[in-house]
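Trainee: Only the shape, not the letters, is given here:
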């Protein structure tokens, strides 16, 4: 079984002890971390790298050029037979899953961010997962991160309020 910590929309210009505490508390025992964009600067990842886990990331619409150069706007990974598309997203929250779905072919799941609204569910035959934002509650009333579990070609997600 793979346990993956998922985070997005940190919107920080540098390291932040609150984010470090969230990662230490909620991502203990995970196998890797996915950041779905809008980290703003690469320094935000310092605390994530300190956790000693592989980091997979994409750039978002608010990221500085250094992040855009370091990470693609979308990517596909395969974990235990599950193909996962990772993208930040764009535009209004309404119909975002429909828009990002068209960005990928042959995936089983899509991890995204942008809306700051946590979401875990199946639509159009795909598993969609948005961890929300641990730092910015714009468009929602909570801060959150997520964990996905993959085992036997099956993916499950959990939204964790922080």
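Mentor: That came in fine, so what should we check first? Please read these numbers as outputs of a predicted model, since none were measured by experiment.
Trainee: How far does stretch 134-148 sit from its chain's centre?
Mentor: A distance of 11 Å separates the centroid of the chain from that of stretch 134-148, by C-alpha atoms, centre = their mean, to the nearest Å.
Trainee: which parts of that stretch are buried?
Mentor: Neighbour counts over stretch 134-148 (16 or more other C-beta atoms under 10 Å) mark 134-135, 143-148 as buried. C-beta: built from backbone N, CA, C; applies to glycine.
Trainee: Please tell me I have it right and residue 112 contacts residue 128.
Mentor: Yes: with contact defined as C-beta atoms under 8 Å, residue 112 and residue 128 form a contacting pair (7.1 Å).
Trainee: Return every residue with contacts to both of these two.
Mentor: Contact criterion C-beta atoms under 8 Å, 6 or more residues apart in numbering; residues shared by residue 112 and residue 128: residue 97.
Trainee: which is the next helix or strand following the helix or strand of the chain with the lowest mean pLDDT?
Mentor: Least confident helix or strand, the chain: helix 45-50 with a mean of 80, by mean pLDDT, DSSP states H and E. Next helix or strand after helix 45-50 toward the C-terminus (DSSP states H and E): strand 54-57.
Trainee: now that next one, how far from the centre of its chain.
Mentor: In this view, strand 54-57 has its centroid 10 Å away from the chain centroid, taken as C-alpha atoms, centre = their mean.
Trainee: Partner strands of it, with direction?
Mentor: strand 32-35 (parallel) (DSSP bridges).
Trainee: who touches the strand it pairs with?
Mentor: Residues outside strand 32-35 that contact it (C-beta under 8 Å, 6+ apart) are 2, 4-8, 10, 23, 27, 45, 48, 51, 53-58, 86, 111.
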